[in-house]
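K.L.:
coords please:
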Amino acid sequence: MQGYAFKQGRINTAWKRRWMSLSDDGILEYRVSLDKPRRGVIDLREVIEIVRPTECREREEWRNNSPKWPKVALPNTEFALVTDKRTYFFQTLTKQENFHWIGQLERVQFDIVNEAGSFNRKRVASISLEDTKYIIVKAALPKDYEYGAKKALIGFSQSTSPSLPSRKLFVCGNCSFSSHPMLDTISLQHTARARGEDAISRVTVTHFVMHNSTDIASITFHNGNISVEGINYGGKICVIFYDGNTIEMHLPGMRTYDIGGKSKDPRGPERINKACAKMISRTTAVKIAAVLNGADEETLHAIHEGFDQIVEQYHGRLVLHEWMQHQLVSVFVHHTQPFSYGEFVEKISKNSLDDAAPSLMDANGVVLSRFMVDLSDPVFSHARKYLASREHGGQVPSEYYKTQLDEEPLEDIVSADTLQQIERLSASQTDETFSGFNPVPARLKGGKFIEYALSFMETPAHVTDCEWTFLREEEREGESMCKMHVSVNEYGCRYDEEDVSTTTVNLSIIITTTPQALSPTIDTILDSYGKEHDVLRVFSAELVASCTTVDAICFPGVINLTSFGNKTKMKKMKQALTGKNSGDNDDDNVSDAEDDDDYNDTMMWNHQILLPGVRTYDPAGIEGDKQFGERLDDVGSEFINSIIMCEVLAAMRGVTSSQLVAVHDAFSCIASHFVGRVGLHNWTHYQLLSALNNEEAKCYVDYLLEYEKGLLDLREGTHVDQYLETRSCGCAQQPLSFLIQCYKAENLGVVLPLKEAQIIEDLCRKEHSSSSFSLQ
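P.N.:
As a prediction, this is how the structure comes out:
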């Protein structure tokens, strides 16, 4: 169990909010927030007494130290943990949270004392499915989701027109949706442990759905650690075009390995520092803002050369500077996949003084770089090692790890085991390899500037490090013209100087563009959800907190969609997709009389999207796993439901099918690596697609069996076998391992009738001291 509670300090007796995390081995940790270092630990083996709220206020004598309870607080929200050395005092926001915490603390302590709580050990218990035949653990929508989602729907519907800008709508937690005449923005920040990692990391994904672009359908900005060929980057930009082409460019961050860095160079060594990472983000943001406002390749090169001074004098990373320009021109101008950093350096390198100078142009005659890399120079010895390892996935050399350990302590960033691996990798004689993997996470700096540029925003006046403004002029002879004014500040120590100085780069550039009419492909014409041809459109959506149970899987919420369409256009669309002519006998055919009647030619339909919640059973979950197990937790539920609500809002704005799929795909990395709910994430998206196409969606289990069979195959021999067996008999039951997970996670006495909760508790404790555990 985990969550926020208030704790009284020992010396400074003020009450402070702390993130509390209770594990089944009896360890209660507390920290300032989820992504901060641990501040303290309480071992329940040392707890003499758990004091309930009714006794806390009445007790006058305390062991070791006394509390100073807040004067303004709800009753029955306190509890205390008494040990030999100290008494810990806590307070929750609500009575319900207090009840849950005390119930879990007492359960875990009881399990430890009686050696009954270690569910990881195998035990013998004669547990019959018949005992739990009629027990259904009800699910619930995540906290604050119903309020946030309904408020977002109301705020969206109150706009006089979807084409008008609206305020930012917060769906739930750190997920928001905002609309603009030129684009829609969906942003989600997620903080958790990635699968297979010990350290907590934060990733922010911002997705932009373009409405007035001639070629770009959507853009995804991923602000989080990305590994490519063994090099960790702080983020990436993924551009999706209307023709289906998807291209990525990667963004270096703090701790990124620089192949073009020079060993023992005080300004530009193998490791990118914080100041350089910020500089890269600022210069990249300026060029993105320019190209999205119509700048051509020549203009981009002019901006690029304008930053040469600060790059060379303050950081010395000219090779990295050139690669960033190559990526941006390839993606936004030529619409081609850029070279990876390793491949780029190979293209512009020579191995010895006798070698001929490399060609600094690609096969299409586009300039790759204005500089070359001489690998025979000792300062690039690390680059030779890395380039030689690329065919095996990429191995970051030991010089990088040495520099990293010298520049920055990693104790609060990575786990102790990972830190030991990094220390071994810093030794040049080690035989340990991490091909294609770097244990040092990178972090993007200045990512807000890139987000501003992608959202067509001008940087606010109070941001002094990087600003850009556009002065637009009237169209002349089919051309539009604007002036872009750029101001970028860089401060620090220049080469061969010890004093800190500041340099300001001011650029004034004229951007001339020729407007082009949008030429949608056949895909956007046939599969559009209302943008070009108004074939399908969601006109209203309603969130209802109503519990629906399908095959013993509980869904605590539903989105009711009302859609309108034109029968004639639907008929033509299906004829184009299926190859049928107008004379075919089809249920979707419309008579000529109906075609002439606008009223009869309009069809309306209603569909529902079922929403999973906290305690929803997931047949694709990993048995017994706390984060990715068969029980859906509040983090996974909040993520899945927030994204599907944003997809619904995008559909109400009128997007193409490819754009809607791109919204879903943009957050798939979080679904797979942080939440572990690929099946549920894909199924909710499938429900929306089915509703927009006026088709009946399959239930979750049938969807998994038909479209995600591989996920169930991975769980073969676990809880899913028991579940599918009961389902095939016509009476689906929640498997026993799921009930045990629910029992371990929270006090089921709040969720189930007391008699049913006691049955599950008795089953979980039965014959706990035996050496094996069997389910009948």
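
K.L.:
isn't residue 37 up against residue 31?
P.N.:
Yes - with contacts counted by Cβ atoms under 8 Å, residue 37 reaches residue 31, the gap being 6.4 Å. Bear in mind the C-beta positions are built from the backbone N, C-alpha and C, glycine included.

K.L.:
neighbour-wise, which of the two wins?
P.N.:
Residue environment comparison for residue 37 versus residue 31 gives the larger neighbour count to residue 31, 16 against 10, counting by other Cβ atoms under 10 Å.

K.L.:
what residues are up against that one?
P.N.:
The contact partners of residue 31, by Cβ atoms under 8 Å, 6 or more residues apart in numbering, come to 18, 19, 21, 37, 38, 39.

K.L.:
put the alpha carbons of the host helix or strand of the second one into PDB.
P.N.:
Following DSSP states H and E, one finds residue 19 within strand 15-22. Included here for strand 15-22 are C-alpha records, laid out as PDB according to Å, rounded to 0.1, in the frame of the first residue of the first chain:
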ATOM      1  CA  TRP A  15       3.600  18.300  10.400                       C
ATOM      2  CA  LYS A  16       4.800  17.600   6.900                       C
ATOM      3  CA  ARG A  17       3.400  15.600   4.000                       C
ATOM      4  CA  ARG A  18       5.200  12.400   3.200                       C
ATOM      5  CA  TRP A  19       4.900   9.700   0.600                       C
ATOM      6  CA  MET A  20       4.300   6.400   2.500                       C
ATOM      7  CA  SER A  21       5.000   3.000   1.100                       C
ATOM      8  CA  LEU A  22       4.200  -0.200   3.000                       C
END
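
K.L.:
the helices in the stretch 251-400 of the chain, which residues?
P.N.:
Assigned by DSSP state H, counting those that start in this stretch, the stretch 251-400 of the chain shows helices spanning 274-292, 297-306, 308-310, 318-332, 341-347, 381-389, 398-407.

K.L.:
still on that earlier bit, off-centre distance for the next helix or strand after the strand holding residue 19?
P.N.:
Using DSSP H and E, the helix or strand that directly follows strand 15-22 along the chain is strand 27-31. A distance of 25 Å separates the C-alpha centroid of strand 27-31 from that of its chain, computed with Cα atoms, centre = their mean, to the nearest Å.

K.L.:
partner strands of the helix or strand following strand 27-31, parallel or antiparallel?
P.N.:
The element immediately downstream of strand 27-31 (helix or strand, assigned by DSSP H and E) is strand 38-43. Strand 38-43 pairs in its sheet with strand 27-31 (antiparallel), by DSSP bridges.

K.L.:
sorry, back to before: format the helices of the stretch 251-400 of the chain as CSV; extra columns: mean neighbour count and mean pLDDT.
P.N.:
CSV is the format used below for the helices of the stretch 251-400 of the chain (neighbours: other Cβ atoms under 10 Å; pLDDT from 0 to 100):
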stretch, mean neighbour count, mean pLDDT
helix 274-292, 24, 92
helix 297-306, 16, 91
helix 308-310, 16, 88
helix 318-332, 23, 93
helix 341-347, 20, 92
helix 381-389, 19, 91
helix 398-407, 20, 90
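
K.L.:
with respect to residue 417, which of these lies nearest?
P.N.:
Taking Cβ to Cβ as the criterion, helix 398-407 is the member of those that comes nearest to residue 417, at 15.3 Å.

K.L.:
pick the one among the contacts of residue 31 closest to residue 183.
P.N.:
residue 19 (35.1 Å).

K.L.:
write down the beta-bridge partners of the closest one, one by one.
P.N.:
Per DSSP bridges, the residues bridged to residue 19 are residue 4, residue 31.

K.L.:
same check on residue 201?
P.N.:
Counting by DSSP bridges, the residues bridging with residue 201 are residue 192.

K.L.:
dump the residue contacts of residue 204.
P.N.:
Residues in contact with residue 204 (Cβ under 8 Å, 6+ apart) are 187, 188, 189, 190, 222, 223, 224, 447.

K.L.:
out of the residues you listed, which is nearest to residue 281?
P.N.:
Closest to residue 281, out of all of those and judged by Cβ to Cβ, is residue 447, at 6.1 Å.

K.L.:
the residue nearest to the closest one when sequence neighbours are not counted in helix, strand or coil?
P.N.:
Excluding its sequence neighbours, the residue lying closest to residue 447 (Cβ to Cβ, 6 or more residues apart in numbering) is residue 223, at 4.6 Å. What DSSP: H, G, I helix; E, B strand; the rest coil gives for residue 223 is strand.

K.L.:
residue 223 contacts residue 444, doesn't it?
P.N.:
Yes - Residue 223 is within contact range of residue 444, at 5.3 Å (criterion: Cβ under 8 Å).

K.L.:
so between these two, which is more surrounded?
P.N.:
Neighbours were tallied for residue 223 and for residue 444 using other Cβ under 10 Å; the higher tally belongs to residue 444 (27 against 23).

K.L.:
can you classify the most centrally placed residue in the chain as helix, strand or coil?
P.N.:
A centroid search over the chain (Cα atoms, centre = their mean) returns residue 670, at 3.9 Å, as the residue closest to the centre. For residue 670, the secondary structure call by three-state DSSP comes out as helix.

K.L.:
contact partners for it?
P.N.:
Residue 670 is in contact with 188, 190, 203, 205, 639, counting by Cβ under 8 Å, 6+ apart.

K.L.:
from those, which is closest to residue 439?
P.N.:
Within the contacts of residue 670, distances to residue 439 taken as Cβ to Cβ reach their minimum at residue 203, with 17.3 Å.

K.L.:
where in this protein is the helix or strand with the lowest mean pLDDT?
P.N.:
Least confident helix or strand of the chain, by mean pLDDT, DSSP states H and E, is helix 522-526 with a mean of 33.

K.L.:
quick revisit: can you list the helices of the stretch 251-400 of the chain in a markdown table and add distance to residue 703?
P.N.:
Supplementary listing: the helices of the stretch 251-400 of the chain in a markdown table, determined by distance: least, Cβ to Cβ, whole Å:
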| stretch | distance to residue 703 |
| --- | --- |
| helix 274-292 | 38 |
| helix 297-306 | 45 |
| helix 308-310 | 53 |
| helix 318-332 | 35 |
| helix 341-347 | 40 |
| helix 381-389 | 42 |
| helix 398-407 | 45 |
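
K.L.:
looking at those, which is nearest to residue 242?
P.N.:
Distance to residue 242, taken as Cβ to Cβ, is lowest for helix 318-332 among these, at 14.5 Å.

K.L.:
phi and psi next, for residue 394.
P.N.:
As for residue 394, its main-chain torsions (degrees, to the nearest 10) stand at phi 100, psi 120.

K.L.:
is it true that it touches residue 230?
P.N.:
Yes - A contact is recorded between residue 394 and residue 230 when judged using Cβ under 8 Å, the distance being 2.9 Å.

K.L.:
tell me the contacts of residue 396?
P.N.:
Contacts of residue 396 were listed using Cβ under 8 Å, 6+ apart, and they are 230, 231, 257, 386, 425, 434, 438.

K.L.:
with respect to residue 75, which of those is nearest?
P.N.:
Proximity of those to residue 75 (Cβ to Cβ) peaks at residue 438, which lies at 52.6 Å.

K.L.:
what about that closest one, how many neighbours?
P.N.:
Other residues within reach of residue 438 by the criterion other Cβ under 10 Å amount to 25.
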